[in-house]
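Q: sequence plus the predicted model coming up.
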Amino acid sequence: MFNVMPIPAFNDNYIWALTVPGSNEVAVVDPGDADVVEHYLNENNLRLTTILITHHHHDHTGGVTQLCHDNAVVVYGPANSPFDGITHKLSDGDQISLMEQTLTIREVPGHTLDHISYYLPGSEPQLFCGDTLFLAGCGRLFEGSAEQMHRAMEYFRQLPDTTQIYCTHEYSLANLAFAAAVEPTNNHIKEAIEHCTQLRESGQPTLPTDIATEKQINPFLRYSEAPVRQSAELFAGGPLTSEVAIFAMIREWKNQF
């Protein structure tokens with residue numbers, strides 16, 4: 001597994017820095033801001049060799065050109081991305097070797113059409129999922145469909161419960177407020193709000209989260225649970241006949257929340 005450290009950027013982004021013991025090599029995930037990455041490299045005497053891109057949005061790619069100018073870097077990213085800074089294009093099922101670790105690529109469109117995730121299996125699995133799965137949330141559907149994002153959620157739900165989830169925004173408290181509206185009697189959500197509030201008050205990230213926790217608190221993974229379906233139908237004003245319809249209604253509710 002990687003040692004993973006957050007590099008805060010902008011108002012609420014995290015650029016994840018990946019290292020392994022005994023090496024000064026580092027990879028970064030979704031570097032929207034080159035300056036904060038270069039400060040981190042200098043402060044920790046690290047050598048940037050690899051950039052992992054999950055999707056084309058500027059807050060995830062804006063620092064790539066400068067980082068490539070200043071370092072000898074390989075840039076991995078989705079094969080169908082409109083972002084032209086990718087040197088190694090990846091498709092569903094591809095694998096890449098990074099610091100003697102093997103990451104598996106999964107296409108997870110929905111937030112954007114070019115979105116991918118990077119998964120490292122093992123005793124302590126790690127998932128780098130950009131703007132698809134958040135703590136207690138999921139990405140807004142800017143380009144893709146509810147059907148596509150639901151398929152992504154199905155993929156995430158089948159990952160091992162111990163999988164550590166490294167998403168790229170500090171949206172946790174806002175997401176949990178919505179989750180509590182969907183399931184007001186869910187004690188796991190109440191406990192998560194208390195825990196995440198304490199972390200933020202002490203200046204700490206709420207991430208990573210893990211699959212087991214998300215199955216308990218995240219309405220976008222809990223579309224098959226009766227309380228979520230009932231709340232979605234109440235918001236819709238009528239019955240919803242499929243998991244995709246429930247998911248889509250919860251996403252629309254979140255858009256308006």
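A: In hand now; what should we look at?
Q: mind jotting down where the helices sit in this structure?
A: Secondary structure of the chain (DSSP state H): helices located at 34-44, 58-61, 64-70, 146-157, 172-182, 187-201, 211-217, 226-236, 243-256.
Q: for the third one, give the mean pLDDT please.
A: It refers to helix 64-70. For helix 64-70, the mean per-residue pLDDT is 95.
Q: same check on the first one?
A: For helix 34-44, the mean pLDDT works out to 97.
Q: distance from the chain centre to it, please.
A: Centroid separation for helix 34-44 versus its chain: 22 Å, with C-alpha atoms, centre = their mean, to the nearest Å.
Q: and if you look at the fourth one?
A: Averaged C-alpha coordinates place helix 146-157 at 13 Å from its chain's average position (C-alpha atoms, centre = their mean).
Q: would you format the helices of the chain as JSON lines with mean neighbour count and distance to residue 4 included?
A: For the C-beta atoms, the positions are set from N, CA and C on the backbone; glycine is no exception. Shown next, in JSON lines, are these (neighbours: other C-beta atoms under 10 Å; distance: least, C-beta to C-beta, whole Å):
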{"stretch": "helix 34-44", "mean neighbour count": "16", "distance to residue 4": "13"}
{"stretch": "helix 58-61", "mean neighbour count": "19", "distance to residue 4": "17"}
{"stretch": "helix 64-70", "mean neighbour count": "16", "distance to residue 4": "18"}
{"stretch": "helix 146-157", "mean neighbour count": "19", "distance to residue 4": "18"}
{"stretch": "helix 172-182", "mean neighbour count": "20", "distance to residue 4": "17"}
{"stretch": "helix 187-201", "mean neighbour count": "15", "distance to residue 4": "16"}
{"stretch": "helix 211-217", "mean neighbour count": "19", "distance to residue 4": "16"}
{"stretch": "helix 226-236", "mean neighbour count": "16", "distance to residue 4": "30"}
{"stretch": "helix 243-256", "mean neighbour count": "19", "distance to residue 4": "27"}
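Q: for residue 136, find the nearest of the ones you listed.
A: For the helices of the chain, proximity to residue 136 was assessed by C-beta to C-beta; helix 172-182 is nearest, at 3.8 Å.
Q: how long is stretch 199-210 end to end?
A: For stretch 199-210, the first and last residues are 16 Å from each other (C-alpha to C-alpha, to the nearest Å).
Q: list the buried residues in it.
A: 199, 206, 207, 208, 209, 210 (16 or more other C-beta atoms under 10 Å).
Q: isn't the first one up against residue 205?
A: Yes - with contact defined as C-beta atoms under 8 Å, residue 199 reaches residue 205; the gap is 6.9 Å.
Q: just for the protein, where's the confidence low?
A: By pLDDT under 70, the chain has no low-scoring segment.
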